[in-house]
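> Need a 3D model of the following:
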Amino acid sequence: MMAFWAVALVVAITIHEFSHTVVATGLGDTTAKCLGRLTLNPLKHLDPSGTAMILLAGFGWGKPVPVNPHRLAHGATGTSLVAAAGPISNLSVAFVLAIPIKVGILDYTGFGIYGISELINGGILNVFSILFTLIITLNLLLAVFNLIPLAPLDGSRILEGFIPRQHSASYARLQQYGPVILIGVIMLDYAVGLGILRTVLGPVIGGLTAIAIG
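Below is the predicted model of the structure:
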């Protein structure tokens with residue numbers, strides 16, 4: 001199961017960060033491309049701490065894609081488009097891989113602990129069912145988590161493009177506290193068991209899963 005989870009993790013993060021680079025390059029900023037990020041090679045996109053967080057806590061991040069907003073077309077809107085590319089790509093992967101489940105070729109297995117004998121006895125379709133379920137769920141998790149409007153997550157950059165110019169400085173000052181707020185919520189969840197992130201993100205991920213697999 002750890003091997004399956006690792007595969008799902010690599011797929012989700014690689015697609016996410018690659019998509020940021022594709023859109024940034026298309027909008028005129030070749031910073032990430034020049035650093036070798038315009039590739040589907042996962043080694044270029046995995047961040048050690050972000051990967052560890054996903055494996056240990058169920059959420060995390062890839063290596064941030066460097067973007068020079070001054071080189072992007074369309075100004076703040078361009079920044080929002082680059083930021084939105086990651087979550088949109090994860091949603092797309094999840095919905096595409098859900099098609100075999102929706103049409104009945106594969107099963108949605110949910111999460112469980114499977115031994116080698118169970119995998120072998122279940123046949124190749126069972127193996128793909130488990131793998132696709134993990135990839136779908138992790139892509140939805142990464143997409144929804146990254147839409148939280150707190151720096152350094154994509155949601156903060158997406159929202160930035162809709163903030164009126166006269167409030168942009170105040171918004172930037174507020175986002176300086178984003179990492180502190182995010183870490184604080186995570187620590188409260190684990191120290192006190194409040195389940196804030198699970199309460200907020202869980203229904204969204206569950207709803208998207210239901211739509212994707214039918």
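
> give me the element the most far-flung residue of the chain relative to its centre is part of.
Relative to the mean C-alpha coordinate of the chain, counting by Cα atoms, centre = their mean, the farthest residue is N121 (32.5 Å). For N121, the enclosing helix or strand under DSSP states H and E is helix 116-146.

> Enumerate every residue touching L46.
If you count contacts by Cβ atoms under 8 Å, 6 or more residues apart in numbering, L46 has them with V10, I13, T14, G62, K63. For glycine as for every other residue, the C-beta is placed from the backbone atoms N, C-alpha and C.

> Let's see which of the residues you listed end up in helices.
Per DSSP state H, helices hold the following members of those: V10, I13, T14.

> quick one, what contacts the nearest residue to the first one once chain neighbours are set aside?
The one in question is V10. For V10, ignoring the flanking residues on the chain, the nearest one in space by Cβ to Cβ, 6 or more residues apart in numbering is P42 at 4.7 Å. Taking Cβ under 8 Å, 6+ apart as the criterion, P42 is in contact with V10, I13, T14.

> gap between stretch 136-146 and the chain center?
Distance, stretch centre to chain centre, for stretch 136-146: 5 Å (Cα atoms, centre = their mean, to the nearest Å).

> Then stretch 130-138?
Here the centre of stretch 130-138 is set off from its chain's centre by 13 Å, with Cα atoms, centre = their mean.

> buried set for stretch 7-16?
By 16 or more other Cβ atoms under 10 Å, the buried positions in stretch 7-16 come out as A8, L9, V10, V11, A12, I13, T14, I15, H16.

> Please apply the same query to stretch 131-148.
By neighbour count, with 16+ other Cβ under 10 Å as the criterion, the buried positions of stretch 131-148 are 131-148.

> relative to helix 116-146, how tilted is the helix or strand in which N90 is found?
If you go by DSSP H and E, N90 is part of helix 75-97. Interaxial angle, helix 75-97 versus helix 116-146 (axes from the mean of the first three to the mean of the last three Cα atoms, to 10 degrees): 160 degrees.
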